[in-house]
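S.K.: Sequence first, then the predicted structure:
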Amino acid sequence: MKEIKTPFGVIKSEVILFPIYYLFFVFGFVYILPFGIYKKLFVSEDSLIEWLQFICYFSSSIISFLIIFLDKSKNKFKLKNIFWLIFAIFCFYVAGEEISWAERITNLGSNAIREINMQGETNLHNLKGFNNYLHFSFIFSGIFFGWVGWKFFPKIEALPTKKYALFFLFVAAHYALTDLSWITLGMRYPTLRISETMEFLMASGLFWHSLSNIRLKLKANI
């Protein structure tokens with residue numbers, strides 16, 4: 001349990017507080033910088049934060065496959081490894097979607113998909129119709145990774161533990177504010193231009209979760 005000393009006493013936290021520091025830094029410092037720096041880093045197409053998300057998701061996928069490979073048991077297809085395989089495939093898919101499967105780098109893409117894509121890209125999450133449920137997928141995954149997983153399925157190693165909860169709950173809260181505001185306000189709250197900023201928390205949370213697990217695996221194999 002981490003202890004934080006303040007002028008008012010000691011605060012004990014069971015969760016990693018990086019998401020709070022990150023949001024304070026972004027919106028208390030980067031957001032107010034001149035020359036559109038925030039927009040260039042966090043909003044524009046192929047922004048730095050998009051590539052950082054890709055790196056986090058792709059790295060999480062590779063690490064998950066390594067965790068399965070490093071398992072010394074004879075049965076590689078035991079339930080624990082199956083969960084890691086599902087996690088690895090999920091992260092690989094999201095990584096590909098983040099950069100539209102690298103179409104801007106390779107100049108390769110599907111014209112058929114672009115024609116029905118709301119942003120003219122080769123990805124599935126912006127397809128017409130499917131895009132309407134994208135935010136709800138973030139709400140669901142944020143709550144699942146940030147609470148349901150460690151609360152009700154603590155024995156599944158591939159799911160993030162409680163200490164990573166804030167990485168996912170902030171994302172769920174952001175999209176809940178945007179898409180569920182009609183319940184309290186009687187209207188849909190305007191879409192906020194900080195989505196990529198918030199989504200980075202989920203990507204980095206999954207990365208640190210997978211990284212901490214492979215460290216434990218490597219120590220166990222020494």
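M.R.: It's in.

S.K.: contacts and neighbour counts: CA atoms only from here.
M.R.: OK.

S.K.: continuing past the least confident helix or strand in the chain by mean pLDDT, what's the next helix or strand?
M.R.: One helix or strand of the chain scores below all others by mean pLDDT, DSSP states H and E: helix 182-185, with a mean of 56. Using DSSP states H and E, the helix or strand that directly follows helix 182-185 along the chain is helix 195-221.

S.K.: Enumerate the positions of that next one that are buried.
M.R.: By neighbour count with 16 or more other Cα atoms under 10 Å, helix 195-221 contains the buried residues 196-211, 213-214, 217.

S.K.: Check what pLDDT the closest residue to residue 98 other than its chain neighbours gets.
M.R.: For residue 98, ignoring the flanking residues on the chain, the nearest one in space by Cα to Cα, 6 or more residues apart in numbering is residue 54 at 5.9 Å. Note for residue 54: predicted pLDDT of 94.

S.K.: Excluding its own residues, what touches the helix or strand hosting residue 54? List them.
M.R.: Under the criterion of DSSP H and E, residue 54 resides in helix 48-70. The contact list for helix 48-70, computed with Cα atoms under 8 Å, 6 or more residues apart in numbering, reads 40-42, 76, 81, 84-85, 87-92, 94-96, 98-99, 196-197, 199-200, 203-204, 206-207, 210-211, 213-214, 217-218.

S.K.: I'd like the distance between the residue nearest to residue 98 and residue 171.
M.R.: Note on residue 54: its distance to residue 171, by Cα to Cα, to the nearest Å, is 17 Å.

S.K.: So between these two, which is more surrounded?
M.R.: The residue with more neighbours, out of residue 54 and residue 171, is residue 171; 26 against 23, by other Cα atoms under 10 Å.

S.K.: Would you agree that one is in contact with residue 197?
M.R.: No. Assessed by Cα atoms under 8 Å, residue 171 is found out of contact with residue 197, at 9.4 Å.

S.K.: between these two, what contacts are shared?
M.R.: When Cα under 8 Å, 6+ apart defines a contact, no residue borders residue 171 and residue 197 alike.

S.K.: Run through this structure and note the low-pLDDT ranges.
M.R.: Within the chain, the stretches with pLDDT under 70 are 1-4, 6, 8-11, 101-132, 181-193, 222.

S.K.: Could you rerun that using 80?
M.R.: 1-12, 44-46, 73-77, 100-134, 178-193, 220-222 (pLDDT under 80).

S.K.: thinking again about what came up before, can you give me the distance of the residue nearest to residue 98 to residue 207?
M.R.: Distance of residue 54 to residue 207, given as Cα to Cα: 11 Å.

S.K.: Which of the three states applies to residue 5?
M.R.: Here residue 5 is recorded as strand under DSSP: H, G, I helix; E, B strand; the rest coil.

S.K.: who does it bridge with?
M.R.: Beta-bridge pairing for residue 5 (DSSP bridges): residue 10.

S.K.: Now do the same contact list for residue 15.
M.R.: Contacts for residue 15 were tallied using Cα under 8 Å, 6+ apart; they are 2, 162, 163, 164, 165, 166.
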